[in-house]
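**Student:** Sharing a model prediction with you, sequence too.
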Amino acid sequence: MYAPQILIEAALNGLMTGAVYALIALGLTLVYGVLHIINFAHGALLTVAMFAVWGAFALFHVDPYLAMLGIVPLMFGAGYALQRFVIGPASHGSDNNVLLVTLGLSIVLENALLALFRSDTRALDSDAALQVVELGPLLLSTPRLIGFVAALAVTGLLWLLLERTDTGRAIRAVAREKLGARLVGIEVDHVYAVTFGLGCACLAVAACLLMPTYYVNPRSGAAFVLVAFTIVVLGGMGSIAGALVGGLVIGVVESFSGLLLGDSLGQIGIFLIFILVLLVRPTGLFGARA
């Protein structure tokens with residue numbers, strides 16, 4: 001039997017980790033909600049962002065949180081350019097082609113990173129991962145607490161962007177009815193590229209929040225994206241609220257699974273949830289029925 005303090009710490013650590021998971025899933029669900037495709041390059045793009053954070057720290061001694069100011073716009077621009085000038089033209093308007101293009105892009109990026117950095121694992125040479133905040137009898141990891149607050153703030157900002165700005169209204173219009181949006185003068189290709197760029201920007205923020213406590217190698221992003229897919233399915237494809245709630249739930253499930261079964265088996269709970277959701281509610285918690 002575990003002491004209540006241990007259980008509370010496990011729940012809080014799960015929520016803090018889950019918020020960053022939600023941020024990764026947010027980019028995935030945003031792209032699906034507008035472009036109606038699964039971005040198989042999502043994991044590779046997350047790895048690129050993580051290497052960018054590591055490079056900024058290793059070469060220029062830039063704090064990972066400060067690096068967000070430069071890496072987020074760079075990843076947005078890279079995402080915009082990839083969708084506008086690579087994925088869009090190469091797909092020729094076919095969703096099946098988009099899947100193949102993003103899969104090919106993932107392979108190219110992973111192998112390029114492997115050629116540049118080999119398969120070595122890299123981490124920030126910093127004591128930030130050891131810093132804790134005392135909350136009464138509880139000890140909470142400072143980087144995870146920062147990640148939790150930042151992830152919630154970014155999710156809120158993204159919601160405001162989609163609900164309160166002209167760009168957000170254009171994105172929602174294209175997501176709902178592409179042909180109608182084109183007829184009223186919305187440049188659909190531009191909206192697609194902006195959406196893909198926003199998805200990459202979410203990955204950049206997540207990378208800056210992850211790197212103080214995680215390592216990076218050319219395959220790091222793949223592990224996080226497996227969790228992100230589960231979150232998207234749990235929350236509902238295309239739902240921002242679903243991505244946030246799903247991320248928090250998955251974070252708590254992973255934390256308690258790790259506590260009960262050990263760190264090496266901690267993700268078993270995640271994939272049990274994935275199977276259960278597919279069986280009971282395939283549309284997810286916030287997904288609409290077709």
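**Tutor:** Nice, I can see it.
**Student:** quick one: low-confidence ranges for the stretch 1-150 of the chain?
**Tutor:** The stretch 1-150 of the chain contains residues with pLDDT under 70 at 1.
**Student:** can you map out the strands along it?
**Tutor:** Taking DSSP state E, counting those that start in this stretch as the test, the strands found in the stretch 1-150 of the chain are 132-135, 138-141.
**Student:** longest helix in the chain, by residue count?
**Tutor:** Counting residues, the longest helix found in the chain (DSSP state H) is helix 4-35.
**Student:** Tell me which other helices or strands it touches.
**Tutor:** Contacts defined by 3 or more CB pairs under 8 Å, 6 or more residues apart in numbering; DSSP states H and E place helix 4-35 against helix 42-60, strand 138-141, helix 142-164, helix 166-176, helix 188-210, helix 220-235, helix 240-261. To be clear about C-beta, it is placed using only N, CA and C from the backbone, and glycine gets the same treatment.
**Student:** could you dump these to JSON lines with mean neighbour count and distance to L272?
**Tutor:** Output for the helices and strands packed on helix 4-35, formatted as JSON lines (neighbours: other CB atoms under 10 Å; distance: least, CB to CB, whole Å):
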{"stretch": "helix 42-60", "mean neighbour count": "22", "distance to L272": "22"}
{"stretch": "strand 138-141", "mean neighbour count": "16", "distance to L272": "26"}
{"stretch": "helix 142-164", "mean neighbour count": "17", "distance to L272": "24"}
{"stretch": "helix 166-176", "mean neighbour count": "17", "distance to L272": "31"}
{"stretch": "helix 188-210", "mean neighbour count": "25", "distance to L272": "24"}
{"stretch": "helix 220-235", "mean neighbour count": "24", "distance to L272": "10"}
{"stretch": "helix 240-261", "mean neighbour count": "22", "distance to L272": "8"}
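**Student:** Distance to G287 added to these, as TSV?
**Tutor:** As requested, the helices and strands packed on helix 4-35 are exported to TSV (distance: least, CB to CB, whole Å):
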stretch	distance to G287
helix 42-60	19
strand 138-141	32
helix 142-164	17
helix 166-176	14
helix 188-210	18
helix 220-235	8
helix 240-261	7
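**Student:** closest one to Y32 among these?
**Tutor:** When the helices and strands packed on helix 4-35 are compared by CB to CB, helix 220-235 sits nearest Y32, at 7.1 Å.
**Student:** quick one: low-confidence ranges for the stretch 151-290 of the chain?
**Tutor:** 288-290.
**Student:** got the strands of the stretch 1-150 of the chain as JSON lines, with distance to I171 columns?
**Tutor:** Shown next, in JSON lines, are the strands of the stretch 1-150 of the chain (distance: least, CB to CB, whole Å):
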{"stretch": "strand 132-135", "distance to I171": "37"}
{"stretch": "strand 138-141", "distance to I171": "35"}
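**Student:** For R84, find the nearest of the helices and strands packed on helix 4-35.
**Tutor:** With CB to CB, the closest approach to R84 among the helices and strands packed on helix 4-35 belongs to helix 188-210: 4.0 Å.
**Student:** before we move on, back to that, so for G14, which of the helices and strands packed on helix 4-35 sits nearest?
**Tutor:** So among those, helix 240-261 is nearest, using CB to CB, at 3.1 Å.
**Student:** so F256 makes contact with A10?
**Tutor:** Yes. F256 is within contact range of A10, at 5.8 Å (criterion: CB atoms under 8 Å).
**Student:** From L113, how far out is L69?
**Tutor:** Remark: distance between L69 and L113 (CB to CB, to the nearest Å) = 23 Å.
**Student:** That concludes my questions; thank you for your assistance.
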